[in-house]
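In: Model the following, please.
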Amino acid sequence: MMALLVPVRLLVASVALIPVLLVLLAFEATEADACCNCIVNCSDSIGDSINSSYDSILFNDCASFCLTKYEAIAKKYCKKGIASRKAYSPCSSPTTDLYVDPVRGNDANSGASPSSAFKTIYKAVDTLSQQLHSKVQGVEIHLMDGEHDVSTGVVQLNASHSGTNDFPVIFSSSSGARINAGKMIPLSAVKTVTLPQGTVYQVDLKALGIYEYGNITCNSGLGNCPAGSSGNEGRMELFVNGAPLVLARYPNINLTSGYWEWNNIASVANPQTQFSFHDATHPKKWTNESDVWLWGYWQFGWADSVVKVQSIDLASNSFMIDPSTPPTYGFKEKARWFGFNVLSELDIPGEYYIDRTSGILSFIPPIPMASVTELVVSVGKGAISLSQAQYINFQNATIMFSQKNGFVASQSSNISFIDGTVSCVGGHGIAIDGANNTVANTNVHYTGCKGIIISGGDTKIMSPSGSSLVDNSISGFSRHTRTYNPGISWSGVAHVISGNSISNAPHSAVLGGGNNLLFEYNNITHVGFEVDDSGAFYTGRSWVQLGNIIRYNSFSSIRTRVPVFLGSPSVQAIYLDDEMSGYEVYNNTFYDCQVGMFIGGGRWNKVKFNTFEKCDTAVHVDDRGLGWQNAFCLSPDNYIAQLISVNYQEPPYAVRYPFLPNTLEEMPCYPVYNQIVSNTACDCDEFIDYNTTQLVMWRNVYDGNDPSAPSGCVAVQETKQQEQQHAVRSVFKPNSLAMQVDELWDSAQRWDRFKQLQSDLQHKNKNETPHNARAGS
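Out: Numbering: from 1, shown residues only. Okay, the predicted model is just below:
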């Protein structure tokens, strides 16, 4: 067992640090050296107290104290230590500073000072590569106040722009800096015009030098996001005061509830190219428009796509669909749809339309025009892209108004995006792929598709990614493809996803698959409101994606809120679909959910110490592997193929998951070896919807559950857990540079370690010999 990697935070253990701080106050050196020595001594002292070397979380906490003490030189020296997780090298080594001032800068300048700053990020990146090749040192690029225009091309970084562990590359943004892939529209360019449906505002984009408007692209296929993929272009959008408008449509969005409203298919003439509608009142107005699109959930309430109208036959009240834009799964009677990108339907606040021939933008702002301070159209095809890069840190960056993605790091390691914002993009917000990458304290809002994508690690050999998403706020995602574009999409091994807030989306908040995920302390609310048969946390169809932990999270308002017309209106908080197996789910709270915990025929799942309130069903279990899914289960091409692909009877899988080698000998396709233990429910319609006697006969454990606790049980449980959750998280807050698969402890071990840690620190403060906190590990 490796050393305990995640030590006590400075503020939590302040009593134990009194002797250390007294030593720090006695430093007699230059302020720069004193700051660096302060951090190192502070970190080492606490690390010694628990028989552990310090990691970046501890380092940052010590730094927060020391940077305050030595504020005068903190920004020049110690900040580089924080970014690299090592105080002594950056503080005692030279660092090149480059400055970018989009207002007063000039790319003919040296970039060496604020007064001689470059004008563009592009120039700074070109110079960065030269600096790294000519000197052994770190480089910090300071983005000064103003709009950093990246609308003409994506800022691209690769191996030649990489830093090192001791000498990272840092992009630091001032509070007034914004990386902007859009074009600002002067308010003086806005004119008032009258259309048949009423008064709207218009802008001549061509008169402003804007000639390319992107295109709406068919997204046929489950969760397809054209704007998030290479080779596809995005579409121009309009943003008012930092919020997106929607293309003019009918039926309109309900301005009171904010939910989308729909028509229904009357009949289907051809499941790929033709269906009829009930009322021609609105479609007959569309016959003179050339770029009408339809958006629908065409076959299932959990799969949407857009199709282009080729023609409208008013004699039969039918749409003929462009065959190059087929619907996902085909059209079905009663399926819901609406028309969009229709100028004649521009009639309520929050809508816009762009005539791609004339370049005229028409819109009705969501607020009075007198309150509008900023109009922006998205122009750029992306903002920041890293490929095969290392040790590059983005601090306080704000990225906005891309037609496609915001920040992408592929096949890269030790990349961090901290204290930032990515908003108003047409594709994905942030995508990080590789090892030891971090996104933390970042706001990701109004993305066309996924909020954050995290991938890395090798499932074949079980090597961990070491990457983490911590304390991010993610909302308003999946605007352009409504389903299978979650707030967090994950794949790979041993990610840590902790402390994030994910809200306000029509489908899933978290979706993916892999091994040894630690998903904890996240708050998920108001998602899944537009779909059926879906999950706020969704994963499915695997017997080998094991070792995943979901704990200390809160799920609330997880319900279908609009009519779905096809299927059953039910959404699950945690959905282990189609025999998904091997999850540990404990100490979570579920409030106002249609279904709290859903075990769809899987095995080896542990559901313990959770609390459910005002749920229709607290726990669902089924035996689909014995019924409608039996043929799929027994097919050699599915679960059995998965087992073979990972050599399930050999290391590392046979060692990491010792129960796996006997899978095919122990009732395959049965829901066996699940544990539903010591859960509590109040004010739920039912606790469990399966025969518990049968479950026990099938080698499951069902024991100690309280299905009828007093009202308010979630609040009671959260109060009980508050001290434990806050204390444990303050001590063991995960960090991508240090977390390894061995640190995915269960709650009892984690809590015991914390209590021992507190005791050790108290002993140290009394000059007693500390107990080894790792004894027996």
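
In: Helices along the stretch 51-200 of the chain, start to end?
Out: Counting by DSSP state H, counting those that start in this stretch, the segments of the stretch 51-200 of the chain that form helices are 56-69, 71-73, 79-84, 88-92, 121-134.

In: need the strands for the stretch 101-250 of the chain, in chain order.
Out: Along the stretch 101-250 of the chain, counting by DSSP state E, counting those that start in this stretch, strands occupy 138-143, 146-149, 155-157, 169-173, 177-180, 182-184, 191-195, 198-204, 238-240, 243-244, 246-247, 249-250.

In: need those strands in TSV with distance to residue 215 and mean neighbour count, can you?
Out: C-beta here means a position set from N, CA and C on the backbone, and glycine is covered the same way. TSV is the format used below for the strands of the stretch 101-250 of the chain (distance: least, C-beta to C-beta, whole Å; neighbours: other C-beta atoms under 10 Å):
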stretch	distance to residue 215	mean neighbour count
strand 138-143	31	24
strand 146-149	23	21
strand 155-157	24	20
strand 169-173	32	25
strand 177-180	22	24
strand 182-184	17	20
strand 191-195	23	10
strand 198-204	19	16
strand 238-240	16	22
strand 243-244	17	20
strand 246-247	12	19
strand 249-250	17	20
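
In: if we compare those strands, which one ends up closest to residue 392?
Out: Smallest distance to residue 392 across the strands of the stretch 101-250 of the chain (C-beta to C-beta): 4.7 Å, for strand 169-173.

In: pLDDT on that closest one, on average?
Out: The average of the pLDDT scores along strand 169-173 is 96.

In: Can you tell me how far the nearest residue in space to residue 116 that is not next to it in sequence is from residue 175?
Out: The shortest distance from residue 116 to any non-neighbouring residue, by C-beta to C-beta, 6 or more residues apart in numbering, is to residue 109 (4.4 Å). The gap separating residue 109 from residue 175 is 23 Å, by C-beta to C-beta, to the nearest Å.

In: Which one of these two is surrounded by more residues?
Out: The residue with more neighbours, out of residue 109 and residue 175, is residue 109; 18 against 8, by other C-beta atoms under 10 Å.

In: Report pLDDT for the most far-flung residue of the chain relative to its centre.
Out: Farthest-out residue of the chain from its mean C-alpha position, per C-alpha atoms, centre = their mean: residue 315, at 47.2 Å. The predicted structure scores residue 315 at 96 on the pLDDT scale.

In: ok, now which ones touch the spatially closest residue to residue 395 that is not a sequence neighbour?
Out: If you skip the residues right next to it in sequence, residue 395 has residue 172 as its closest partner in space, 4.6 Å away by C-beta to C-beta, 6+ apart. Residue 172 sits next to 79, 140-143, 395-396 when contact means C-beta atoms under 8 Å, 6 or more residues apart in numbering.

In: ok, which pair from those residues is furthest apart?
Out: Greatest spacing in the contacts of residue 172, by C-beta to C-beta: 79 and 143 (14.5 Å).

In: and residue 720, how many residues sit next to it?
Out: Per other C-beta under 10 Å, the neighbour tally for residue 720 reads 11.

In: And the pLDDT at it?
Out: For residue 720, the pLDDT comes out at 72.

In: Surely it is in a strand?
Out: No - note on residue 720: no strand contains this position according to DSSP: H, G, I helix; E, B strand; the rest coil, which reports helix.

In: That one and residue 350: what is the separation?
Out: Between residue 720 and residue 350 the distance, using C-beta to C-beta, works out to 43 Å.

In: what does residue 116 give?
Out: Spatial separation of residue 116 from residue 350 under the definition C-beta to C-beta is 45 Å.

In: Could you do residue 171 as well?
Out: Distance of residue 171 to residue 350, computed by C-beta to C-beta: 34 Å.

In: One more: residue 574?
Out: Taking C-beta to C-beta as the measure, residue 574 falls 34 Å from residue 350.

In: Comparing those two, which residue is more hemmed in?
Out: Counted by other C-beta under 10 Å, residue 574 and residue 350 do not tie: residue 574 has more neighbours, with 30 against 18.

In: which residues touch the host helix or strand of the more buried one?
Out: Assessed by DSSP states H and E, residue 574 sits inside strand 571-577. With contact meaning C-beta under 8 Å, 6+ apart, strand 571-577 is reached by 524, 528-529, 531-541, 550, 555, 558-560, 583, 585, 588, 590, 593-600, 602, 605, 620.

In: repeat that with 6 Å
Out: 528, 534-538, 540, 555, 558-560, 583, 590, 593-600, 602 (C-beta atoms under 6 Å, 6 or more residues apart in numbering).

In: now the angle from the longest strand seen in the chain to strand 169-173?
Out: Longest among the strand segments of the chain by residue count, using DSSP state E, is strand 407-418. Taking axes from the mean of the first three to the mean of the last three C-alpha atoms, to 10 degrees, strand 407-418 and strand 169-173 form an angle of 80 degrees between their directions.

In: strands paired with strand 407-418, and their directions?
Out: Each strand that pairs with strand 407-418, with its direction, by DSSP bridges: strand 384-387 (parallel), strand 390-395 (parallel), strand 430-435 (parallel), strand 438-440 (parallel).

In: Indicate which one of the ones you listed is closest to residue 311.
Out: Shortest distance between residue 311 and these, using C-beta to C-beta, is found for strand 430-435: 38.6 Å.

In: So for that closest one, what gets flagged as buried?
Out: Under the neighbour-count criterion of 16 or more other C-beta atoms under 10 Å, strand 430-435 has 430-435 buried.

In: What of stretch 689-706?
Out: Under 16+ other C-beta under 10 Å, the buried positions of stretch 689-706 are 690, 695, 698, 700, 702, 705.

In: do the same with stretch 282-290
Out: Along stretch 282-290, these residues count as buried under the neighbour rule (16+ other C-beta under 10 Å): 282-283, 285-286, 289.

In: same deal with stretch 220-238?
Out: Within stretch 220-238, judged by 16+ other C-beta under 10 Å, the buried ones are 220, 223-228, 232, 234-238.

In: So for those, which is the shakiest by pLDDT?
Out: residue 232 (76).

In: contacting residues for the closest residue in space to that residue that isn't next to it in sequence?
Out: Spatial nearest neighbour of residue 232, excluding adjacent residues (C-beta to C-beta, 6+ apart): residue 226 at 4.0 Å. For residue 226, the contacting residues are 217, 219, 232, by C-beta under 6 Å, 6+ apart.

In: again, but for residue 294
Out: 307, 337, 339.

In: is it fair to say residue 299 lies in a helix?
Out: No - the secondary structure assignment for residue 299 gives coil rather than a helix, going by three-state DSSP.

In: Can you give me the distance of it to residue 270?
Out: According to C-beta to C-beta, residue 299 and residue 270 sit 14 Å apart.

In: so residue 362 bridges to which residues?
Out: If you apply DSSP bridges, the partners that residue 362 bridges to are residue 202, residue 353.
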